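> fold the following for me, if possible:
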Amino acid sequence: MAVTEPAPPAQPVAHEGILRRQSLRESAARTYARSLPIVPVRARGLTIEGADGRRYLDCLSGAGTLALGHNHPVVLEAIKKVLASGAPLHVLDLATPVKDAFTTELFATLPRPLADDGRIQFCGPAGTDAVEAALKLVRTATGRTGLLAFTGAYHGMTAGALDASGGAADVRVTRLPYPQNYRCPFGVGGDRGAELGARWTENLLDDPKGGVPAPAGMILEPVQGEGGVIPAPDGWLRRMRELTASRSIPLIADEVQTGVGRTGAFWAVEHSGIVPDVMVLSKAIGGSLPLAVIVYRADLDVWRPGAHAGTFRGNQLAMAAGAATLAFVRENRLAERAATLGTRMLGQLQGLAATHRCIGDVRGRGLMIGVELVDPESDPQADVPPVDPVLAASVQRECLRRGLIVELGGRHSGVVRLLPPLTLTDEQAQAVLDRFADSLEAAVRAPHRRNDTGPSL
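Just a heads-up that it's a prediction; the model follows:
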């Protein structure tokens, strides 16, 4: 089916019963299942087919996990090869040919200084496990306990990762301003706003009365994802690297969502040219399967044997799928493709914003794109209109009705996020944009949208 064809009519199958049983039996903490009440049964590339027979263009991509989309042939072949070989699937942290191949391929993609003098720690299966490992590593290596993090950050759902994230209720880290153009904390945006944020950080670190405990590290995202798709300015990133290096503070780059070509470079730190002391990697590195690692400077490797461990850190299938994914992205220059296509999509969305007051900002890097929706009925004289999470939720529902899966993010869930696979074609990209534009029009016209809270499954 061509991507521009309408979705086929829903068929009377058992998907409603599956959704109902899910709502009765699964935790109240479930998230995507509430806003995306579908039952996937088949998938390939950008397309998901539901149990009701409908087809969807998936611009969620497993929250950025599926660099090559669903069930890419090179990934399936890598998994089948391991299964057919009789190799053990569970090996703790023992050396295997599969692990060796994955590590070799990963190191071939890393910033050269880190690859030449780096160590890798295989963590538990999720990105948040790797964040925990990174924080534990720098605290062990420096003997300090303080941590520097940024407003709007998201680093995972375990306790330590939550402490470093923007929604922490019991703050045990020093929170610093993350630069943004549209909602600049200093009200100026641009280079000037980023410079003020950097000066604030420098002053706080050097102020003997600043109340900042000696930091064991600074953790940041080169592009804040859950925070609303906010790219860090390259100059600001270089400044953070200078500030941390001159004060012997390890810099941790959280590349869980930005890595493997997503932003138009293989690793997002490459845009600025910085080399962090620690890189946190997960999502796409497993080729759709659970895998998380940290890579760090050798001089930080002061752990004793067993100081950080995990039963499922030796996921052989994920390593095979990950190695195949990394190689395919590298060999086919998909990062460069993401940069080109992302620029084109951002341009079209910015054109849409010019005729729709409800679009406050369009931003992103590569195929990591965000559209912030604002209240179209707000005071037109206001510098920055208030975010409109109800409209964003309505747009998401209208997208789903038109066969397009998108995610919401940002401070108040008012940013529609597009994370398509790096294998996205020109035709598919246009179909995504067309469906989004139609959904936006429908959501704005809906007379009762502000009372529509959506499904509660």
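> CA only for contacts and neighbour counts going forward, please
Fine.
> may I have the residues that are in contact with P250?
With contacts defined as CA atoms under 8 Å, 6 or more residues apart in numbering, P250 is in contact with 138, 216-218, 244, 276-278.
> what's the closest of those residues to Y178?
Nearest to Y178 among these: M218, at 12.4 Å, using CA to CA.
> how near is that closest one to L237?
12 Å (CA to CA, to the nearest Å).
> so for those two, which residue has more residues nearby?
Comparing M218 with L237 by neighbour count (other CA atoms under 10 Å), the higher total belongs to M218, at 26 against 21.
> what does the pLDDT read for the more buried one?
On the pLDDT scale, M218 is placed at 97.
> re earlier: CSV for the contacts of P250, including distance to G351 and secondary structure?
CSV is the format used below for the contacts of P250 (distance: CA to CA, whole Å; DSSP: H, G, I helix; E, B strand; the rest coil):
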residue, distance to G351, secondary structure
V138, 45, helix
A216, 44, strand
G217, 41, strand
M218, 37, strand
T244, 39, helix
P276, 36, coil
D277, 39, coil
V278, 39, strand
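> after the lowest-mean-pLDDT helix or strand in the chain, which helix or strand is next?
Every helix and strand of the chain was ranked by mean pLDDT, DSSP states H and E. The lowest is helix 159-163, at a mean of 66. For helix 159-163, the following helix or strand on the C-terminal side (DSSP states H and E) is strand 174-176.
> dead centre of the protein: give me the residue that sits there.
By CA atoms, centre = their mean, the mean C-alpha position of the chain lies nearest to Q257, the distance being 2.9 Å.
> let me know the secondary structure of that residue.
coil (DSSP: H, G, I helix; E, B strand; the rest coil).
> verify the stated contact: A214 with G143.
No - judged on CA atoms under 8 Å, A214 makes no contact with G143 at a distance of 9.6 Å.
> and these two? Which one has more around it.
Set side by side, A214 and G143 show more neighbours around A214, with 15 against 12, by other CA under 10 Å.
> residue contacts, that one?
Counted by CA under 8 Å, 6+ apart, A214 has contacts 144-147.
> ditto for I285
I285 touches 65, 259-260, 291-292, 322-323, 325-326, counting by CA under 8 Å, 6+ apart.
> Throw these into a markdown table and include neighbour count, secondary structure and distance to V384, thanks.
Listed next are those as a markdown table, based on neighbours: other CA atoms under 10 Å; DSSP: H, G, I helix; E, B strand; the rest coil; distance: CA to CA, whole Å:
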| residue | neighbour count | secondary structure | distance to V384 |
| --- | --- | --- | --- |
| T65 | 28 | coil | 33 |
| G259 | 27 | coil | 31 |
| V260 | 30 | coil | 34 |
| L291 | 30 | coil | 40 |
| A292 | 28 | coil | 38 |
| G322 | 30 | helix | 42 |
| A323 | 26 | helix | 44 |
| T325 | 27 | helix | 41 |
| L326 | 24 | helix | 40 |
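> nearest to L251, of those?
For the contacts of I285, the nearest to L251 is G259 (16.6 Å; CA to CA).
> just the buried positions in the helix or strand hosting L205, please.
Using DSSP H and E, L205 maps to helix 190-206. Residues of helix 190-206 classed as buried by neighbour count (16 or more other CA atoms under 10 Å): 193-198, 201, 204-205.
> ok, residues contacting it?
With CA under 8 Å, 6+ apart, helix 190-206 has contacts from 176-181, 184-187, 210, 212, 233, 236, 239-240, 243.
> show me which residues of stretch 267-283 are buried.
267-271, 274-283.
> nearest residue to G259 other than its sequence neighbours?
W267 (4.8 Å; CA to CA, 6 or more residues apart in numbering).
> isn't R417 right up against M368?
Yes - with contact defined as CA under 8 Å, R417 reaches M368; the gap is 7.5 Å.
> so what sits against both of these two?
Contacts common to R417 and M368, judged by CA under 8 Å, 6+ apart, are V229.
> OK, contacts around the residue nearest to G259?
Counted by CA under 8 Å, 6+ apart, W267 has contacts 110, 255, 258-261.
> and those residues, which two are furthest apart?
L110 and T258 (13.5 Å).
> so for those two, which residue has more residues nearby?
Per other CA under 10 Å, whichever of L110 and T258 has more neighbours is T258, with 30 against 18.
> touching the helix or strand harbouring A442 from outside, list them.
According to DSSP H and E, A442 maps onto helix 426-445. Contacts to helix 426-445, defined as CA under 8 Å, 6+ apart, come from residues 3-4, 57, 341, 345, 348-349, 352, 391, 394-396, 398-399, 402-404, 449.
> show me where the chain has helices.
Per DSSP state H, the chain carries helices over the ranges 15-25, 32-35, 61-64, 73-85, 97-109, 112-116, 127-142, 159-163, 190-206, 234-246, 316-331, 334-353, 389-401, 426-445.
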